[in-house]
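S.K.: Sharing a model prediction with you, sequence too.
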Amino acid sequence: MPSFSTARPSLSLITDPYAPPVAVQPFGATDWYEDTAWDEEPAWNATPSWQEPEASPEAWRLDALCAETDPEAFFPEKGGSTRDAKKVCTGCPVRAQCLEFALENDERFGIWGGLSERERRRVRLQRSGRLSA
């Protein structure tokens with residue numbers, strides 16, 4: 001006859017890291033429900049603040065058209081054509097944010113915001129006042 005263990009397996013609860021915090025009542029508190037306002041209907045359609053993600057400084061990348069195209073076009077070989085990448089940038093809704101990101105982070109390679117490395121260098125020099133228009 002096989003032997004069965006009478007010990008039960010341990011049960012661990014996995015909590016949802018994105019769940020709202022739970023209000024815990026002190027031990028022995030029995031009248032906590034009397035303080036709850038049940039007169040108003042809860043706003044189920046309202047989005048709680050804990051669900052709204054903060055916009056990151058680079059959230060513009062989600063709307064970039066280059067994310068939907070071949071990345072090779074934006075990083076051509078030396079002497080290669082940049083025409084296709086610049087054409088994509090022309091209709092991009094976040095072109096200005098992309099260019100500012102490249103200028104602030106000193107991106108040295110690729111097409112950013114519709115400008116090549118050389119064109120971005122010129123913009124940096126113009127902004128610093130070392131080059132006149």
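M.R.: Yes, it's here.

S.K.: Grab the nearest non-local neighbour of Q97.
M.R.: Leaving aside its sequence neighbours, Q97 sits nearest to W60 (Cβ to Cβ, 6 or more residues apart in numbering; 4.0 Å). Where C-beta positions appear, they are placed from N, C-alpha and C, glycine not excepted.

S.K.: Quick check: pLDDT value at the one you found.
M.R.: pLDDT, W60: 81.

S.K.: who's in contact with it?
M.R.: Counting by Cβ atoms under 8 Å, 6 or more residues apart in numbering, W60 makes contact with V94, Q97, C98, F101.

S.K.: What of A85?
M.R.: Counting by Cβ under 8 Å, 6+ apart, A85 makes contact with C66, A73, F74, P76, I111.

S.K.: Break down this protein into its strands, ranges please.
M.R.: Assigned by DSSP state E, the chain shows no strands.

S.K.: what's the longest helix along it packed up against?
M.R.: Counting by DSSP state H, the longest helix found in the chain is helix 117-128. In terms of contacts (3 or more Cβ pairs under 8 Å, 6 or more residues apart in numbering; DSSP states H and E), helix 117-128 is packed against helix 95-104.

S.K.: Flag every buried residue along the helix it packs on.
M.R.: R95, Q97, C98, L99, F101, A102, L103 (16 or more other Cβ atoms under 10 Å).

S.K.: and what of stretch 56-73?
M.R.: For stretch 56-73, using 16+ other Cβ under 10 Å, the buried residues are W60, A64, C66, A73.

S.K.: Which single one of the residues you listed is nearest to S128?
M.R.: Each of the buried residues of stretch 56-73 was scored against S128 by Cβ to Cβ, and W60 proved nearest at 24.4 Å.

S.K.: low-scoring stretches of the protein, by residue?
M.R.: 1-55, 130-133 (pLDDT under 70).

S.K.: could the buried residues of helix 95-104 be laid out in a markdown table, adding distance to Q126?
M.R.: Shown next, in a markdown table, are the buried residues of helix 95-104 (distance: Cβ to Cβ, whole Å):
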| residue | distance to Q126 |
| --- | --- |
| R95 | 18 |
| Q97 | 19 |
| C98 | 18 |
| L99 | 13 |
| F101 | 18 |
| A102 | 15 |
| L103 | 11 |
